[in-house]
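> what's the 3D shape of this:
(one chain, ligands or ions: 3)
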Amino acid sequence: MTYDARFRVWRGDATGGDLQDFTVQVNEGEVVLDIIHRLQATQAGDLAVRWNCKAGKCGSCSAEINGRPRLMCMTRMGTFGEDETVTVTPLRTFPVIRDLVTDVSYNYDKAAQIPAFTPRARDGDGNHRMQQVDVERSQEFRKCIECYLCQDTCHVIRDHEGNKAAFAGPRFLIRLAELDMHPLDVVDRRAAAQDEFGLGYCNITKCCSEVCPEGIHLTDNGIIPLKERVVDRRYDPLTWLGSVIRRR
Ligand code: SF4
Ligand code: F3S
Ligand code: FES
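Ligands and ions are numbered 1, 2, ... in the order given. Have a look, this model is predicted:
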């Protein structure tokens, strides 16, 4: 079954741009990225779009479709009515380079600032050991494909550009949570999570978890437990005494 869909695509660059209307053929089973490719092939040869795997695994084809942050390669055209206009715009939280391509280097900068995994010494027999439950806990966060849809969605930076310096965003708060929960890691990242990566800015709206294509429970399994660990540290009497003594 084939039909003609109405597509509205943002075209422009850092200096400005606008939505442009197209009518494009759609075949059964196609996804939004197929239509964007057909648009490139038939009507807009210079349309800039970032993609790689077309399988929901590289995290490159993130965009906003009818205002919702989604992967273009995982959004079936069947999601929309045949008479519905499908609007595709670049991620709003990051600066536009051209058309649907944004500059996501904010995320790379935040990633580079997080203290790396630092394992304790190996056991006497040369092995590292950890419980299966700990492996499974961090495995959920390791599914992240770095599509940055959660970063794009979070209102702390989406609506407040000025917060970017102080707030790492949900993807990197769960990276901190993963490392902080890791039984082999010896670095305490709780103070940094609060003071350098802006954990306190998160008011648990859970929008990040709603858009994650990997189904990671960022808020319930990462951010809230990290907040609890930070509070435990702050109100632990021994930690408090230690910080008072250090301040003298
Ligand atoms: Fe994408 Fe989910 Fe990773 Fe965020 S946590 S970057 S939404 S895969
Ligand atoms: Fe933002 Fe997610 Fe917190 S959307 S406010 S990081 S729960
Ligand atoms: Fe790789 Fe969409 S092209 S996730």
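> And the pLDDT for the residue most central in space within the chain?
What sits nearest the mean C-alpha location of the chain, by CA atoms, centre = their mean, is residue 148, with 2.7 Å. Confidence at residue 148, expressed as pLDDT, is 98.
> right, and it touches residue 108 too?
No: Residue 148 is not in contact with residue 108 according to CB atoms under 8 Å; the separation is 10.1 Å. (C-beta placed from N, C-alpha, C; glycine too.)
> which residues are in contact with both of those two?
Both residue 148 and residue 108 lack any common contacting residue under the criterion CB atoms under 8 Å, 6 or more residues apart in numbering.
> burial count for the closest residue to residue 91 other than its chain neighbours?
Closest residue in space to residue 91, ignoring its immediate chain neighbours: residue 152 at 4.4 Å, by CB to CB, 6 or more residues apart in numbering. The tally of other residues near residue 152 (other CB atoms under 10 Å) stands at 25.
> before we move on, what about residue 223?
Neighbour count of residue 223, defined by other CB under 10 Å: 23.
> wait, doesn't it sit right on residue 170?
Yes: taking contacts as CB under 8 Å, residue 223 lies within contact range of residue 170: 6.6 Å.
> what about the helices in the chain?
32-42, 105-113, 132-142, 149-153, 155-158, 170-181, 190-195, 207-211, 224-235, 237-247 (DSSP state H).
> Distance to ligand 3 added to the ones you listed, as a markdown table?
Formatted as a markdown table, those follow (distance: least, CB to the nearest ligand atom, whole Å):
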| stretch | distance to ligand 3 |
| --- | --- |
| helix 32-42 | 6 |
| helix 105-113 | 15 |
| helix 132-142 | 17 |
| helix 149-153 | 10 |
| helix 155-158 | 21 |
| helix 170-181 | 15 |
| helix 190-195 | 28 |
| helix 207-211 | 14 |
| helix 224-235 | 27 |
| helix 237-247 | 42 |
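> Just say which of the ones you listed is most tucked in.
The highest mean neighbour count among the helices of the chain, using mean count of other CB atoms under 10 Å, belongs to helix 149-153: a mean of 26.
> In PDB, list the C-alpha atoms belonging to that helix.
Provided in PDB are the C-alpha atoms of helix 149-153 (Å, rounded to 0.1, in the frame of the first residue of the first chain):
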ATOM      1  CA  LEU A 149      16.800  12.400  23.500                       C
ATOM      2  CA  CYS A 150      16.700  12.600  27.300                       C
ATOM      3  CA  GLN A 151      19.000  15.500  27.300                       C
ATOM      4  CA  ASP A 152      16.900  17.200  24.600                       C
ATOM      5  CA  THR A 153      13.700  16.700  26.700                       C
END
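> Tell me the spacing between the residue nearest to residue 91 and ligand 2.
Residue 152 sits 10 Å away from ligand 2, going by CB to the nearest ligand atom, to the nearest Å.
> Write out the residues of this protein neighbouring ligand 2.
Contact residues (CB under 6 Å from any ligand atom) of the chain with ligand 2: 153-154, 156, 170, 202-208, 219, 223.
> got any ranges where the protein has weak pLDDT?
In the predicted model, the chain carries pLDDT under 70 at residues 234-248.
> Return the distance of stretch 181-193 from the chain's centre.
21 Å (CA atoms, centre = their mean, to the nearest Å).
> So which residues make contact with that stretch?
114-115, 117-120, 128, 130-131, 134, 137-138, 173, 176, 179-180, 199, 225-226, 229-230, 233.
> Would you format the residues of the chain next to ligand 2 as a markdown table with distance to residue 100 included?
Formatted as a markdown table, these follow (distance: CB to CB, whole Å):
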| residue | distance to residue 100 |
| --- | --- |
| 153 | 17 |
| 154 | 20 |
| 156 | 24 |
| 170 | 22 |
| 202 | 28 |
| 203 | 30 |
| 204 | 31 |
| 205 | 26 |
| 206 | 27 |
| 207 | 21 |
| 208 | 21 |
| 219 | 28 |
| 223 | 29 |
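> I appreciate the help and will end here.
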